[in-house]
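K.L.:
Got a predicted model here, sequence first, then my questions.
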Amino acid sequence: MKHTQTFIRTARIAAILGIAFGGCAAKKEQIAMNTERMLRTAGFELKIADTPENMEKLKGLPQRKIVPYPHEGEMLYLYADAASCKCVYVGTPEAYQRYVEYQVAQGIAQNNVKAQQANANATTPYNSGVWMIWW
């Protein structure tokens, strides 16, 4: 009986951890997809690692982070994703600046949504039940 309870407890803990870590992985994947969408919109060029050699080069880059990369006297910006798209996004300084502007705009928009939600949840005389007695 004690072994059964221990087994059930262990199974529950494993299930909870699996759900928690699975949710984290899904969230990271969603963040990567959003980032890649913004990169494309900003003008980054998509390069697919279509050969084993290119895939090895791709894996050698920092993953899912924008990094500066000097190339032929010009600064480029790279975003590598060997796990999902098996690609690298390459952007010019102008494309990188647009990407930063999109991020700032998205952050402002998210903050506005949070503020609106907080205001909607606040109890004031105008949205409380007090006014309902007059209707």
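P.N.:
Nice, I can see it.
K.L.:
right, and the helix or strand after the helix or strand bottoming out on mean pLDDT in the chain?
P.N.:
Ranked by mean pLDDT, DSSP states H and E, the helix or strand of the chain with the weakest confidence is helix 2-42, at a mean of 65. Downstream of helix 2-42, the next assigned helix or strand under DSSP states H and E is strand 45-48.
K.L.:
For the helix or strand following that next one, name the packing helices and strands.
P.N.:
Downstream of strand 45-48, the first helix or strand assigned by DSSP H and E is helix 52-59. Helices and strands touching helix 52-59, by 3 or more CB pairs under 8 Å, 6 or more residues apart in numbering; DSSP states H and E: there are none. C-beta coordinates here come from the backbone N, C-alpha and C atoms, glycine included.
K.L.:
Pull the residues that contact the following helix or strand past helix 52-59.
P.N.:
Counting by DSSP H and E, the next helix or strand C-terminal to helix 52-59 is strand 66-71. Identification of contacts with strand 66-71 by CB atoms under 8 Å, 6 or more residues apart in numbering yields 61, 75-79, 91, 96, 99.
K.L.:
Give me the sheet partners of strand 66-71 and which way each runs.
P.N.:
Under the criterion DSSP bridges, strand 66-71 sits next to strand 74-81 (antiparallel) in its sheet.
K.L.:
Please name the nearest non-neighbouring residue to residue 96.
P.N.:
residue 77 (4.4 Å; CB to CB, 6 or more residues apart in numbering).
K.L.:
Tell me the pLDDT of the one you found.
P.N.:
Here the pLDDT value assigned to residue 77 is 96.
K.L.:
Same question for the one 10 residues further on.
P.N.:
Note for residue 87: predicted pLDDT of 95.
K.L.:
Just list the residues touching residue 89, thanks.
P.N.:
Per CB under 8 Å, 6+ apart, neighbours of residue 89: 36, 39-40, 44-47, 78-81.
K.L.:
redo that, cut-off 10 Å
P.N.:
35-36, 38-40, 42-47, 66, 77-81, 95, 99 (CB atoms under 10 Å, 6 or more residues apart in numbering).
K.L.:
Over to residue 53?
P.N.:
Residue 53 makes contact with no residue, according to CB under 10 Å, 6+ apart.
K.L.:
Many thanks, we can stop here.
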